[in-house]
Each structure stands twice: as C-alpha cells, then as structure tokens.
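**Student:** Based on what follows, work out the 3D shape:
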Amino acid sequence: MLSRRNFLKHTGATGALGLLPAASFAVNNSNDDTKIAAAPGWQQSLDGVWQFSTDKQHWQAVTVPHTWQIMPEHVEHFGKAWYKRECFIPAGWKGRVVRAEFEAVYHSARVYVNGVLAGEHLRKGYTAFFIDLTPHLQYDRNNTLEVEVDNAFDDNMLPRNRSYDWAADGGITRPVTLHVTPVTYLENIWVAALPDAGFQQARLKIKARLANKGKAGTCHLRYEVTEEDTGRQALAGSFATPLQLTAGEVRTVEPEALLLPDPRLWHFDAPRLYRLTLHLYQDGDLLHSYCSTFGVRSIAVKDTGFYLNGERVWLMGVERMGGSNPLYGMAEPGEWIRHDHDDMKKLNCIFTRVHWQQDKRVLDYCDRHGILIQLEVPTWGGATFEGMKDQPSAPIMQNGLEQLEELIEREYNHPCVFSWGLCNEIGGQNPPAYNFAANMLKAAKKLDPYRLCSYASNSLQQTPGKDVSGLMDFVEWNEYYGSWYKGTVEDMERNLEAIHQAFPDKPIVISEYGWCRCKPERKEGDTRLISILRSNNEVFRRHDYVSGLIFFSYNDYRTHIGDKGIGVLKQRVHGVVDLYGAPRPSWEVLRAESSPLSTLSAGLEGQQLAVKLATRKTIPAYTLRKYILRWIAYGDQEVPLETGEIVLPDLAPGQAFEHTFRLTEGLPLERIVVDVVRGTGFSALSVQIPAS
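**Tutor:** Okay, here's the model as predicted:
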C-alpha cells in the first residue's frame with residue numbers, strides 16, 4: 001500500500017477524486033463503481049475546501065488543515081467552532097467499511113454524518129483517531145460531514161487549563177483521510193525489531209489488530225519485508241496459524257516472530273528503513289493489505305552512557321516549537337515542516353524532543369533523515385496539579401494514560417523515537433506530580449517494553465535525590481542558570497555534580513537550556529543567547545555523564561501567554577530563528593557547537609590545499625562513518641571552477657585527520673570552501689579561505 005504521502009504525490013488528490021487501492025501500487029482515478037468495489041481498499045484525502053463557522057450562522061470557505069487562531073477576527077476565540085463539507089459516496093462502497101481518520105483536532109471533536117453523531121474524540125488534541133462513518137452513509141449521493149471542534153481551556157485534560165506555554169490553536173489542524181476497506185480488515189500493525197548482540201540478525205516481533213465487521217470466518221496472514229530504498233525483498237511467507245474471527249470481533253494477534261538476517265541498521269547518519277506489508281486472506285482471496293515502515297536499531301543505557309547499535313554516543317540537538325509560523329499556526333503544511341527540519345539538520349541536530357505529540361510527517365522526516373526524537377504527552381507545568389494532594393485527580397490521570405496509549409500505538413514503529421517523554425516541568429518532588437509520572441512510566445513500559453522513558457525536570461536544583469527522575473531510565477534536566485534560575489555558570493556546575501551524585505548510574509540529558517527574553521527587564525538578546533550556549537557547553541563537556549544536550553529553542557514560538565507581540569504574533573523570543581524562520585547570528589554558533597567536529601581548517605600553499613580536522617572527544621561525539629571531505633574553488637562573481645572530494649576513514653571521538661588536495665594550476669580563483677558532509681547529505685561543518 002502506498003503511504004498517504006506518496007498517494008498525494010502521485011495523484012495530487014484533495015477532493016472526491018483520486019482513490020488509492022490499498023493493496024497495490026496502481027492508482028485508480030476512475031469513478032466506475034465496479035472497479036471501486038473490486039479493489040481491496042482505498043484511501044481518499046479529505047483535505048481542501050471546507051466551510052467554517054463559529055456560530056453555525058455565518059459560514060466561510062477555509063482550507064483544511066486549518067486553525068482559526070491565524071484568522072484576525074478569531075485569534076482570541078477559545079471555544080466551539082464548526083467545519084462541514086459534502087462528500088460523494090459511490091454506490092460501489094456499499095458493503096464496505098468507510099472510516100474517517102483525523103490526524104489531529106484540537107482539542108475535542110464530535111463528528112456528524114448527515115446530522116447524526118458518528119463518534120467523538122475528546123480532550124486529546126494532538127493524537128489521531130478514526131470514526132466509522134458506515135452506519136450513517138447514504139450511497140450514490142452527497143453526504144454531509146460536520147465536525148464540532150472545541151478548544152476551550154479545560155481543567156480535566158492535558159495540557160491543563162492555561163498551564164502551558166505554546167499556541168492553543170483550535171481546528172482540524174492535521175490531514176483528514178477516508179479509509180475504505182472490506183468488512184474484514186487490518187486496523188494496525190506493530191513491529192519490534194530486536195537485533196541480536198552481534199547484529200547478525202534481528203528478531204521481528206509483530207502484532208496486528210484485525211477487525212471483522214462481517215460474518216465469522218477463517219483468515220490467514222502473509223508477510224513481506226522489503227528494504228525501502230532498494231525494494232529488495234528480505235523476507236516473505238505465510239504465518240502458519242490460521243485466524244478464527246467471529247462476527248463483530250476486533251482482535252490483536254501476535255504471530256510467530258520472524259528472523260531477519262544481516263539487518264541494515266538504522267542510525268542517524270545512515271537512516272535505513274524496512275517496509276513490512278501484511279496481507280489478509282480468506283479462502284484464498286485477498287481481503288486487505290496494510291504496510292508500515294520500521295528500522296532495526298538498538299538504544300541502550302550502560303552506566304552513564306547511551307549506546308546506539310552497541311556504540312557509545314553523546315547526542316546534541318535543538319527543540320522546535322511547532323505551529324509558530326503566523327501564516328499557518330498549528331495547521332502546518334508539509335513544505336513548512338520540511339523547511340524547519342531541513343534547517344535543524346543544517347544545525348547538526350540529531351537529537352530533539354517535543355512538548356506534544358507530533359504530526360506524522362515530522363516522524364517520517366526524522367525516520368528518513370536521521371533525527372532521534374523524544375515524543376511527549378503534553379503534561380506541562382506545575383499548575384497541572386494545583387489543588388491536588390497526594391494523588392493526581394482521576395480525570396487528569398486518565399487523560400494522561402489515554403494520550404500515552406494513543407501516542408505509543410501510533411508511533412511505535414518509528415526507529416527515530418528515542419524515548420517516551422511522560423511530562424515536562426511538573427515539579428517532580430510534589431506528591432501528585434511524582435505519582436502521576438510514576439503511573440505513566442509503569443503504563444509506558446507495559447505498552448512498549450523496549451524503549452527508554454524519562455521526563456524533563458525543573459525540580460533538581462534542591463534535594464535532587466527526592467525527584468521522580470530517579471525512577472526514569474535517564475535523567476532530564478531543564479537547566480536555566482543565568483536565565484530562569486538565579487546563579488552563575490559555576491553554580492550550575494555544582495548543581496550538575498549534585499544531580500550526578502544523586503543518580504550516579506544514570507546518563508544526564510540537559511533537556512532544555514538557553515535564553516528567553518521573556519520579561520520586560522530582559523533587554524539582552526542574541527548576544528546573551530550565544531554567551532549562555534558557549535559557557536554552558538564548556539561545562540557540560542567536562543562531564544562525560546552528560547550524554548545529551550537539547551538547546552531550547554530552534555525558533556521563537558507562538559503562545560497564548562506570550563509576552564511579545566499581539567494577535568497571531570503573540571510569542572516568546574527564545575530561538576536562533578524568528579517566527580518566519582529568519583536566522584540570527586546565534587544560528588551559526590549553534591551549528592558549530594552542535595557539530596561532531598571540534599576543528600576544521602584549510603590552507604593553500606601554491607597548488608596544494610591542506611585540510612586538517614578533528615572530531616570532538618565529548619558531547620556531541622560519535623564515530624563518523626562515510627563522511628565526505630569536499631572542496632569547491634570559486635572564481636570571480638561566485639563562479640565555481642573546480643571541485644574535489646574524498647570519503648573520510650571512520651573517525652572515532654577525539655581522532656584527527658589530514659589530507660592534501662592538488663588544485664589545477666592557472667585557474668583564476670577567489671576563494672575556496674571546504675566542507676565535511678554526512679552520509680545523509682547535510683553539512684557537518686564548513687570553512688572558507690581566500691585563494692590568494
């Protein structure tokens with residue numbers, strides 16, 4: 001089955017045309033009902049023009065995905081609004097299951113078909129959900145699909161009320177898709193790809209959820225595993241055990257594990273993916289197919305270090321606050337998601353976290369371009385537990401567990417997911433916050449026993465040993481000395497050492513640090529940000545148990561409690577780029593600080609270009625494999641005249657390398673740019689020198 005992204009690439013479908021046969025690579029753009037009924041399944045985009053209203057009286061055309069918070073007249077509207085559109089349902093869909101997938105509606109949705117409530121998804125604004133439309137459809141005619149959306153601040157959900165610091169954008173903020181399947185179909189598949197100690201093979205533990213909305217029957221599953229980039233088939237066959245499905249049953253099955261020989265390992269510098277396709281058969285006939293990508297990699301904690309595929313790594317990156325471009329808000333198009341993440345890769349970002357569940361296009365990007373990411377349930381701030389004594393309130397606890405389950409179910413297969421983030425800055429020594437995090441950790445380990453879990457703490461400045469950080473797989477500390485915390489860099493280092501003494505066997509990740517102009521008295525801007533970045537990194541590099549750094553933040557960000565700007569421009573000034581993506585001088589500093597190269601220099605003597613480089617000994621530090629050393633010589637008016645490159649040998653942390661290139665004599669050169677390029681094609685560091 002083609003992914004939705006590739007479907008749209010091939011068809012450009014945004015309305016009622018462009019149907020995707022889910023079990024083949026052919027695209028059927030026909031409205032012929034016979035052809036539609038014969039195929040085992042389709043996806044149809046419902047993105048595009050919908051009607052929108054805040055009062056159900058005055059309607060206007062908008063483009064979904066959409067948020068009303070970027071509309072000048074609705075910037076401050078927090079409450080209910082409505083979306084509706086007409087959908088033609090062909091006669092050939094009769095006898096099939098038609099479901100609508102909403103990738104996110106912030107924060108509560110009630111979905112109506114022809115005026116009848118079909119389903120709802122309440123108080124979970126960043127997770128995807130399906131609504132079965134089948135019982136309410138009328139065939140061979142237009143049907144009205146209406147969505148009631150509510151983004152009012154709410155005490156019984158996460159993020160709780162006004163406790164959080166980002167944009168509360170209401171709307172159908174991510175894509176909408178119709179899924180048309182047989183009455184017996186695959187709802188989801190999960191893959192745990194577990195390499196052995198020598199990385200000679202990987203054990204694929206597969207789960208599949210099947211739904212049977214028809215008669216009882218016996219089914220079989222076939223599987224195919226292919227390399228996504230080459231299409232080479234790695235495994236294929238049938239699972240031996242037949243599946244007896246009763247009428248109306250929804251069941252999760254776990255067939256026998258598969259062994260994948262000689263696995264191609266996923267790494268942020270070599271993000272290799274596999275594609276698993278399951279085919280559901282009954283009486284020899286193909287009913288439905290479902291596919292998902294996955295990667296083979298291991299992430300482990302040993303002593304105070306992270307090990308990726310058995311190798312010690314010190315990771316660094318920057319956090320992006322999505323939904324911050326005033327042109328789009330939380331309804332970001334794929335082009336802007338790619339823009340920001342391309343820019344993060346140019347900043348040498350290989351490790352990040354986010355405050356809420358992300359658009360699947362973010363996860364697809366991280367899978368394919370090499371960014372490890374911690375995904376989080378949006379439990380933000382100590383105010384989450386205001387008014388609670390020893391335990392979190394039942395609605396908050398239940399909402400957190402539901403959001404966690406929906407998050408893990410959706411994103412389980414992504415190799416880029418480094419860890420599950422359970423909460424952020426909750427005051428982890430406060431009893432209800434402590435117990436909330438402990439309950440979330442227990443649930444996460446049950447849902448996914450193979451991934452690390454943590455939470456970003458802002459409560460490690462005093463008695464760190466009492467913090468709920470001690471339960472986690474690694475410690476995360478939001479460190480803001482010189483900004484939100486009083487004290488000096490020296491005070492920060494003493495605090496860091498105290499945290500290590502409290503948890504001597506755990507890696508420490510600095511999950512946020514940086515500078516925010518978030519108070520009127522803070523007049524210093526980018527210069528102060530650069531100073532904090534450099535001085536803090538100098539301390540972190542003296543302590544090898546600091547295994548991860550995530551600078552905060554990539555961008556200035558829109559927020560309903562912003563201290564700068566008005567309307568759609570209400571924001572926090574915190575980033576190395578502004579709301580529109582324009583870089584500040586700190587951008588270049590963050591790029592250099594995040595590079596695995598400590599030095600890169602070049603000199604020209606006659607026709608000899610001598611290049612020297614060295615890798616960092618500590619954070620960020622990891623073995624450089626298949627990096628390219630490349631140079632380009634420019635003449636006047638920036639005309640490139642000559643180039644050359646070599647593949648670098650593998651370079652471990654702390655290693656140096658030198659090489660001399662010979663340039664052609666007599667070329668009228670002005671300058672030479674030398675670049676070290678990752679296997680993913682992004683530059684790790686560059687330098688330029690005059691040619692004379």
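
**Student:** Pull out the buried residues from the host helix or strand of D343.
**Tutor:** Assigning secondary structure by DSSP states H and E places D343 in helix 334-346. Under the neighbour-count criterion of 16 or more other Cβ atoms under 10 Å, helix 334-346 has 334, 336-338, 340-341, 343-345 buried. Using the backbone N, CA and C atoms, a C-beta is placed for each residue, glycine as well.

**Student:** Check which helices and strands it sits against.
**Tutor:** Counting contacts by 3 or more Cβ pairs under 8 Å, 6 or more residues apart in numbering; DSSP states H and E, helix 334-346 packs against helix 360-369.

**Student:** ok, then the element right after the helix it packs on?
**Tutor:** Heading C-terminal from helix 360-369 (DSSP H and E), you reach strand 372-376.

**Student:** Can you name the residues that contact the residue nearest the centre of the chain?
**Tutor:** Centroid check for the chain by Cα atoms, centre = their mean gives L363 as the closest residue, at 3.7 Å. L363 makes contacts with 373, 411, 414, 416-417, as judged by Cβ atoms under 8 Å, 6 or more residues apart in numbering.

**Student:** Just the CA atoms of the helix or strand A633 falls within, as CSV, please.
**Tutor:** Per DSSP H and E: A633 is located in strand 628-634. Provided in CSV are the C-alpha atoms of strand 628-634 (Å, rounded to 0.1, in the frame of the first residue of the first chain):
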residue,chain,number,x,y,z
ILE,A,628,32.8,13.1,2.8
LEU,A,629,35.5,15.8,2.7
ARG,A,630,34.7,18.1,-0.2
TRP,A,631,36.0,21.4,-1.5
ILE,A,632,34.8,23.8,-4.2
ALA,A,633,37.0,26.6,-5.6
TYR,A,634,35.3,29.8,-6.9
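
**Student:** re the thing from before, after the helix holding D343, next one along is what?
**Tutor:** With DSSP H and E, the next secondary element past helix 334-346 is strand 351-353.

**Student:** Report all helices and strands that that following strand contacts.
**Tutor:** strand 315-319, strand 372-376, strand 546-552.

**Student:** A strand includes P326, no?
**Tutor:** No. The assignment for P326 is coil, going by DSSP: H, G, I helix; E, B strand; the rest coil, so no strand is present there.

**Student:** Can you tell me the number of residues neighbouring it?
**Tutor:** 18 (other Cβ atoms under 10 Å).

**Student:** Assess the claim that it and Y557 are in contact.
**Tutor:** No. Using Cβ atoms under 8 Å, P326 is not in contact with Y557, being 11.0 Å away.

**Student:** shared neighbours of those two, which are they?
**Tutor:** L579.

**Student:** re the thing from before, export the helix holding D343 as PDB, just CAs?
**Tutor:** Backbone C-alpha positions of helix 334-346 (Å, rounded to 0.1, in the frame of the first residue of the first chain) are rendered in PDB as follows:
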ATOM      1  CA  GLY A 334       4.300  19.600   4.700                       C
ATOM      2  CA  GLU A 335       6.500  22.100   3.000                       C
ATOM      3  CA  TRP A 336       7.000  24.100   6.200                       C
ATOM      4  CA  ILE A 337       7.600  21.000   8.300                       C
ATOM      5  CA  ARG A 338      10.300  20.100   5.900                       C
ATOM      6  CA  HIS A 339      11.700  23.600   5.800                       C
ATOM      7  CA  ASP A 340      12.200  23.700   9.600                       C
ATOM      8  CA  HIS A 341      13.600  20.200   9.900                       C
ATOM      9  CA  ASP A 342      16.000  20.700   6.900                       C
ATOM     10  CA  ASP A 343      17.200  23.700   8.800                       C
ATOM     11  CA  MET A 344      17.600  21.700  12.000                       C
ATOM     12  CA  LYS A 345      19.700  19.200  10.100                       C
ATOM     13  CA  LYS A 346      21.900  22.000   8.900                       C
END
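
**Student:** Perfect, that will be all.
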